[in-house]
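S.K.: Requesting a structural model of the entry that follows:
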Amino acid sequence: MIVILNPFARSGKAATLVKSLREATGNLTIAPTTVERNATLLAREAVESGGKVVIAAGGDGTMNEVLNGIVGTGATLGVLPLGTVNVLARQLGIPLDIRQAWHVIERGHTQILDLIRVDFNLNEKPQARYAIQLAGVGLDAQIIKQVAWKSKKQWGPLSYVFEALRSIPKKVPAVTVRIDQETPVEGLFLLIGNGAFYGGPIPVFNKASMTDGLLDLCLFQSSNLLNILVYLQAVLRGVQSETKGIVYRQFKTLEITSHSEVPIEVDGEFAGHLPVKVSVVPGALKILVPHGS
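M.R.: Numbers count the residues shown, from 1 in each chain. This is a model prediction of the structure:
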């Protein structure tokens, strides 16, 4: 069993916390990340060395990197949530206290989840990234792209709020979305979910299930601040699909294009720019959870 640790998570306290766990268990290997995407390489190496369980200790970005190192190998993912938001842990009911989260791993209950596959080009080379929880195109991806690590360390989740206040008044390029090969629809920004939550405990995808072989889409057709407040109220009331200006759909494949340079994010981390194809990969991940299925 190996723990892949983002040593900068939770204001740098992660190393001390996981070290105490290693002392308690006596058989825990800790591999700290050093550069971006390093967790993917470490996870892949762990599986190639015979590892059956790979634990991601960090935020949702660390979970995503580890996921991309083990997807398709049959290895099981464990989660020690140490990040700014920890959407995945909230979704699955994994405690945010690291020692309680470790008890979840010790108990060994597993669940099989669907995944999001995101295909795009980066520097004119085809790329495929997998996501557990969510992806976004446009406004939210732009906010994530602009939030610096120092800001996240100082302000936590508020850093995204501050960046949103700066970004919302700006003009947002239009995107064209084709859902399951149907007639394309247009909007200004969109969120894609495998689970219900976005940005913490906000149930943006109120019809979502991580085991139904479908993904959920919220396409927003205005970036006006007043309309965004209406959209937020609709989400909190659970009436997304009934609200003017929101296209809420469940789907298996999605193609998104734009005439402008529009950013995309995967599990809360900036990934690249449009065009992109998004598809569901049913039953692709085994993960340790509080209660098995």
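S.K.: Grab the nearest non-local neighbour of residue 227.
M.R.: Using CB to CB, 6 or more residues apart in numbering and skipping residues adjacent in sequence, the residue nearest residue 227 is residue 245, 5.9 Å away. Bear in mind the C-beta positions are built from the backbone N, C-alpha and C, glycine included.
S.K.: Is the one you found in contact with residue 222, as I believe?
M.R.: Yes - counting by CB atoms under 8 Å, residue 222 is a contact partner of residue 245 at 5.3 Å.
S.K.: hey, where'd the helices end up in this protein?
M.R.: For the chain, applying DSSP state H gives helices covering 14-25, 38-48, 60-70, 87-92, 98-107, 139-146, 149-155, 158-167, 225-237.
S.K.: which residue packs closest to residue 282, ignoring adjacent ones?
M.R.: Spatial nearest neighbour of residue 282, excluding adjacent residues (CB to CB, 6+ apart): residue 213 at 4.3 Å.
S.K.: Look up how far residue 34 lies from the one you found.
M.R.: 37 Å (CB to CB, to the nearest Å).
S.K.: Show me the chain divided up by domain.
M.R.: Following automatic domain parsing, the chain resolves into domains at 2-108, 116-283.
S.K.: what's the burial count for the residue nearest to residue 227?
M.R.: Neighbour count for residue 245, taken as other CB atoms under 10 Å: 16.
S.K.: swap in residue 266?
M.R.: Other residues within reach of residue 266 by the criterion other CB under 10 Å amount to 29.
S.K.: How much space separates the spatially most central residue of the chain from residue 45?
M.R.: For the chain, residue 267 is the residue whose C-alpha lies nearest the centre (CA atoms, centre = their mean; 1.8 Å). According to CB to CB, residue 267 and residue 45 sit 21 Å apart.
S.K.: Over to residue 93?
M.R.: 30 Å.
S.K.: More neighbours: which of the two?
M.R.: residue 45 (15 against 10).
S.K.: Now for residue 3: which residues touch it?
M.R.: 18, 21, 22, 28, 29, 30, 31, 55, 57, 80 (CB atoms under 8 Å, 6 or more residues apart in numbering).
S.K.: And the pLDDT for the residue nearest to residue 282?
M.R.: pLDDT recorded at residue 213 is 98.
S.K.: show me what contacts it?
M.R.: By CB under 8 Å, 6+ apart, residue 213 lies in contact with 114, 252, 280, 282, 283.
S.K.: quick one: which two of these are the most distant?
M.R.: Greatest spatial distance among the contacts of residue 213 (CB to CB): 252 and 283, at 13.7 Å.
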